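Novice: next comes the sequence, and after it the predicted model I'd like to discuss.
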Amino acid sequence: MRKPIMVGNWKMNTTSAEATALVTALKTELNEVTDVEIGVCPPFVYIQPVKQILQGSNIKTGAQNVYWESKGAFTGQVSPGMLKDIGCDYVLVGHSECRHVMGETDEVINKKIKVLLAAGLTPIFCVGEKLEQRQDNTTENVIRAQVEQGLNGVPKEKIKEIIVAYEPVWAIGTGKTATPEQAQEVHSFIRKLISLISNEETAQGMRIMYGGSVKPDNIKGLMAKDDIDGALVGGASLKADSFVKLVKYQ
Ligand code: PGA
């Protein structure tokens with residue numbers, strides 16, 4: 001059985017006061033939840049104060065990105081060791097905004113996944129096709145290339161430590177969610193790919209989250225699908241009441 005997982009990706013949002021108010025509310029309201037793994041990914045500068053508030057709670061923390069070197073002259077970057085040092089659990093890698101706005105390549109994403117695994121951090125490895133790729137019926141080719149290149153050279157036994165997030169670019173922040181059937185189709189395809197790259201046991205144990213305009217009113221239909229194990233939530237994770245509803249979708 002794969003444990004459901006809900007992670008909030010705050011992106012470049014919140015002030016320090018908003019960040020602390022948000023997690024204070026989440027800590028109180030999600031205190032009893034044990035059947036869903038919960039995480040929040042604040043902007044780098046708020047990770048530590050957020051972690052401090054979350055002490056003693058079941059809510060994990062993650063970062064939204066990382067650099068692949070361990071230290072040195074890389075102005076503006078943050079290393080895996082630094083994130084480990086402040087107690088992060090997850091790190092998002094290959095988010096569509098990093099791929100398409102900041103220009104991250106599959107090669108860079110692959111390096112990041114490797115260094116995160118080496119540092120003992122859980123990569124949340126994001127993949128997803130653009131609208132024109134879906135319209136051209138090339139979704140599976142795009143996803144295959146992203147998964148294969150992202151995991152290139154990752155030791156087979158390490159692949160099970162990764163969480164995958166399928167986030168169709170056309171659904172992110174647009175209010176257009178993939179239907180549960182569209183998402184399930186790609187999730188099942190990703191699971192098959194993982195079984196080919198590593199093995200069936202790893203594929204069956206791996207959690208594959210869906211992301212892209214997830215809201216309290218569409219989460220149930222998505223989570224009802226066999227291969228959808230959780231959600232990576234942007235907009236709806238910025239308000240305590242909607243994120244709480246998402247975590248308590250059952
Ligand atoms: P959204 O973002 O929920 O606002 O669509 C999801 C994401 O980018 O992770």
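Specialist: Sure thing, it's come through. Numbers count the residues shown, from 1 in each chain.

Novice: which non-adjacent residue is nearest Gly94?
Specialist: Ile109 (4.1 Å; C-beta to C-beta, 6 or more residues apart in numbering). Bear in mind the C-beta positions are built from the backbone N, C-alpha and C, glycine included.

Novice: could you look up the SS state of the one you found?
Specialist: helix (DSSP: H, G, I helix; E, B strand; the rest coil).

Novice: who's in contact with it?
Specialist: Val93, Gly94, Arg99, Phe125, Gln146, Gln149, Gly150 (C-beta atoms under 8 Å, 6 or more residues apart in numbering).

Novice: tell me the pLDDT at the residue nearest to Lys225 when sequence neighbours are not counted?
Specialist: Excluding its sequence neighbours, the residue lying closest to Lys225 (C-beta to C-beta, 6+ apart) is Gln184, at 3.9 Å. Looking at Gln184, its pLDDT stands at 98.

Novice: phi and psi next, for Gln184.
Specialist: The phi and psi values for Gln184, taken as degrees, to the nearest 10, are phi -60, psi -40.

Novice: quick check: it vs Val154, distance?
Specialist: As judged by C-beta to C-beta, to the nearest Å, Gln184 and Val154 stand 25 Å apart.

Novice: Cys177 against Gly211, yeah?
Specialist: Just to correct that, residue 177 is Thr rather than Cys. No: contact criterion C-beta atoms under 8 Å: Thr177 and Gly211 do not qualify, at 9.7 Å.

Novice: next, count neighbours for the residue of the chain found nearest the ligand.
Specialist: Of all residues in the chain, Gly234 sits closest to the ligand, with a separation of 2.3 Å (C-beta to the nearest ligand atom). By the criterion of other C-beta atoms under 10 Å, Gly234 has 21 neighbours.

Novice: do the one 4 residues further on as well
Specialist: Using other C-beta under 10 Å, Leu238 has 18 other residues around it.

Novice: right, and it touches Trp10 too?
Specialist: Yes: look at Leu238 against Trp10 with C-beta under 8 Å: they come within range, at 6.3 Å.

Novice: the residue nearest to Lys225: neighbouring residues, count only.
Specialist: Neighbours around Gln184, by other C-beta under 10 Å: 19.

Novice: same check on Ile53?
Specialist: With other C-beta under 10 Å as criterion, Ile53 counts 17.

Novice: how about it: what's its closest non-neighbour residue?
Specialist: With sequence-adjacent residues excluded and distances taken as C-beta to C-beta, 6+ apart, Ile53 is closest to Val23, at 4.9 Å.
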